[in-house]
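Engineer: Requesting a structural model of the entry that follows:
(one chain, ligands or ions: 1)
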Amino acid sequence: MNDHTFTPAYLQLRSGALSDKVREAEETLRKCTLCPRECRVDRTAGEKGFCRTGDKPFISSYSPHFGEEKPLIGRFGSGTIFMGKCNLGCIFCQNYSISHLGEGIEMSFEKLADIMLSLQNEGCHNINLVTPTHQMPMLLRSLLIASEKGLRLPIVYNCGGYESLHSIQLLEGVVDIYMPDFKYADPAMAKKYSGAENYPEFARAALKEMHRQVGDLLTDKRGIAMRGLLVRHLVLPERVAGTAEIIKFIAHEISKNTYINIMDQYHPCFKAFDHPPLNRRITAKEYAEALNLAIKAGIKRIDGVTM
Ligand code: SF4
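Structural biologist: Numbers count the residues shown, from 1 in each chain. Predicted structure coming up:
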């Protein structure tokens, strides 16, 4: 059952504000600066930038999902919608068939809105937009249609952390739950493995803005996420991800009450087999080191850890 006392942020906006945001986001597509790559291509005229995505929703799959963090799945699952393609270029991508090979189909805004509503009808606790960054304007347009037809679930912005500040600012009052990755602390590693040297500086700025907007993660009496920030960090072999620095940033510049998922599931995928040390899983010792860093830094909410 959904909590009918909850009103998502986008339904609290003043009349017409969501339409204004949709138009402003769509304008960005004419000279695309949606993400830090700033390709400046006209996506409305068929030009393609790094993400190879046009100006219509491009969706890989959707379903109630039970593999996300506990506060998102509740009893009936997180209403997950996977976007096709991506604005990052991680050589170890665990979803490379979607992000790099472009599995998915282009669909109308109305169809995507219907998908959101169908996930609500199935009892999902939220609409979880996976890899939304390069499709943010299309997602907003579909959200506008869905909200007019009765959507009232919180939006989870489940992104890679490679975000432009202006895009995140535009989402103020629309997104209830931000769930960014923080992948790298070191620009050299971000360049080598994701082709995004400026990733750390943009991720830091984006996380600060997200936290300013929604604060620490809040859950209802059932333990289901309603609003706030949830950060994911994938531990990589031989400290490639810069876990120590990322933990320090979260503890000191965001909040010690940040809900963080320190993930141990790294396994080589896609091109990682040819790039040691990413050609192996992490060891138990590497994972324990990452968890201990977070505990010692005073972070109080670590997914899967009872404090
Ligand atoms: S969203 Fe795509 S086209 Fe736009 S700046 Fe980013 S990578 Fe380039």
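Engineer: so what's the residue in the stretch 201-307 of the chain that the ligand sits nearest to scoring on pLDDT?
Structural biologist: Evaluated by Cβ to the nearest ligand atom, the stretch 201-307 of the chain has F202 as its residue closest to the ligand, separated by 11.2 Å. Where you see a C-beta, it was placed from the backbone N, CA and C, and this is true even at glycine. With respect to pLDDT, F202 scores 98.
Engineer: Which stretches in the stretch 201-307 of the chain count as strands?
Structural biologist: Taking DSSP state E, counting those that start in this stretch as the test, the strands found in the stretch 201-307 of the chain are 218-219, 225-234, 259-263, 301-302.
Engineer: Single out the most deeply packed of these.
Structural biologist: Of those, the one with the most neighbours on average (mean count of other Cβ atoms under 10 Å) is strand 225-234, at a mean of 23.
Engineer: Is there proximity between stretch 130-148 and the ligand?
Structural biologist: Yes - using Cβ under 6 Å from any ligand atom, stretch 130-148 reaches the ligand at H134.
Engineer: Distance from that stretch to the middle of the chain?
Structural biologist: Counting by Cα atoms, centre = their mean, to the nearest Å, stretch 130-148 is centred 13 Å from the centre of its parent chain.
Engineer: try stretch 19-32
Structural biologist: 20 Å.
Engineer: which residues touch stretch 108-124?
Structural biologist: 1-2, 56-57, 59, 62-64, 75-81, 127, 138-139, 141-143, 145-146, 149-153 (Cβ atoms under 8 Å, 6 or more residues apart in numbering).
Engineer: Turn the buried ones among those residues into a named ChimeraX selection, would you?
Structural biologist: A single ChimeraX command selects the buried members of those (16 or more other Cβ atoms under 10 Å):
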select :2,56,57,59,62,63,64,76,77,78,79,80,81,127,138,139,141,142,143,145,146,151,153
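Engineer: List of residues touching stretch 58-71?
Structural biologist: Here stretch 58-71 has contacts from 73, 76-85, 98, 103-107, 112, 115, 119, 122-124, 128, 135, 179, 217, 219, 223-225, 230, 259, 261, 303, using Cβ under 8 Å, 6+ apart.
Engineer: no no, stretch 227-234
Structural biologist: Looking at stretch 227-234 with Cβ under 8 Å, 6+ apart, the contacting residues turn out to be 9, 69, 71-72, 154, 176-183, 207, 210-211, 214-218, 241, 243, 246-247, 250, 254, 258-263, 265-266, 290.
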